[in-house]
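J.: Give the three-dimensional model of this entry:
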Amino acid sequence: MTSADDKTGEGRKPARNAGRRELSAAARLYAVQALFQMEAAGQSSNRVRREFEDWRIGTEYEGETSPEADNALFARIIEDAVTWQSRIDQMTDRALVAKWPIDRIDPVLRALFRAAGAEMMTPATPPKVVITEYVRVAQAFFDTGREAKFVNAVLDHMAREARPEAF
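T.: Residues are numbered from 1 along each chain as shown. Below is the predicted model:
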């Protein structure tokens, strides 16, 4: 696609034809954003989920269209993160050094760990895939590689606790 195609929209594939991996990656990124918003604004999961589904996922704003996402995966991550939050936070605490409990880490990382932990609580996605995908999410949010390495180490520890049979 040329830059002229980008400006006119011609030659662009419709978002609904996005590949499954891209839809899943977008769902994970949106889930982290939604979990962050829930905590920061004190909003319910239902309200935030509806807001994302109605106003953010695959919508046009100022001439730009946000990526489509796997809505079922997005909703499942949010629901499971809320359902399992206490257990996920405890797993995260055990994966962190003693002086840095989950309530002291960056709120974006906290949302990321909750989203990844939600996926680790069920056998739907292999833990190694969850780790890889959320390291990519961390790379999207942070400029340095330090956070991605940190996320990789914490999620590896969490996955070995949540799903030891996968290792």
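
J.: Quick one: mean pLDDT over stretch 39-49.
T.: Mean pLDDT, computed over stretch 39-49, is 97.

J.: end to end, how far does it reach?
T.: End-to-end distance of stretch 39-49 (Cα to Cα, to the nearest Å): 13 Å.

J.: So what touches that stretch?
T.: A34, Q37, M38, F74, A75, I78, E79, A81, V82, P107, R110, A111 (Cβ atoms under 8 Å, 6 or more residues apart in numbering). The C-beta positions use only the backbone N, C-alpha and C, and glycine is treated the same way.

J.: so V32 touches V137, yeah?
T.: Yes: if you go by Cβ atoms under 8 Å, V32 and V137 touch, sitting 5.7 Å apart.

J.: Tabulate the contacts of stretch 39-49 in TSV, adding columns for secondary structure.
T.: Output for the contacts of stretch 39-49, formatted as TSV (DSSP: H, G, I helix; E, B strand; the rest coil):
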residue	secondary structure
A34	helix
Q37	helix
M38	helix
F74	helix
A75	helix
I78	helix
E79	helix
A81	helix
V82	helix
P107	helix
R110	helix
A111	helix
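
J.: hang on, the earlier thing: please identify every residue contacting each of V32 and V137.
T.: Common neighbours of V32 and V137 (Cβ under 8 Å, 6+ apart) are L112, A115.

J.: okay, the two: which has more neighbours?
T.: V32 (25 against 22; other Cβ atoms under 10 Å).

J.: helix or strand for that one, which one?
T.: Following DSSP states H and E, one finds V32 within helix 20-41.

J.: so how far is that helix from its chain's centroid?
T.: 4 Å (Cα atoms, centre = their mean, to the nearest Å).

J.: One more: stretch 47-64?
T.: Using Cα atoms, centre = their mean, the offset of stretch 47-64 from its chain centre is 16 Å.

J.: what are the ranges of the helices in the protein?
T.: 3-8, 20-41, 45-51, 71-83, 85-95, 107-120, 127-141, 145-162 (DSSP state H).

J.: out of those, which comes closest to E62?
T.: helix 3-8 (14.0 Å; Cβ to Cβ).
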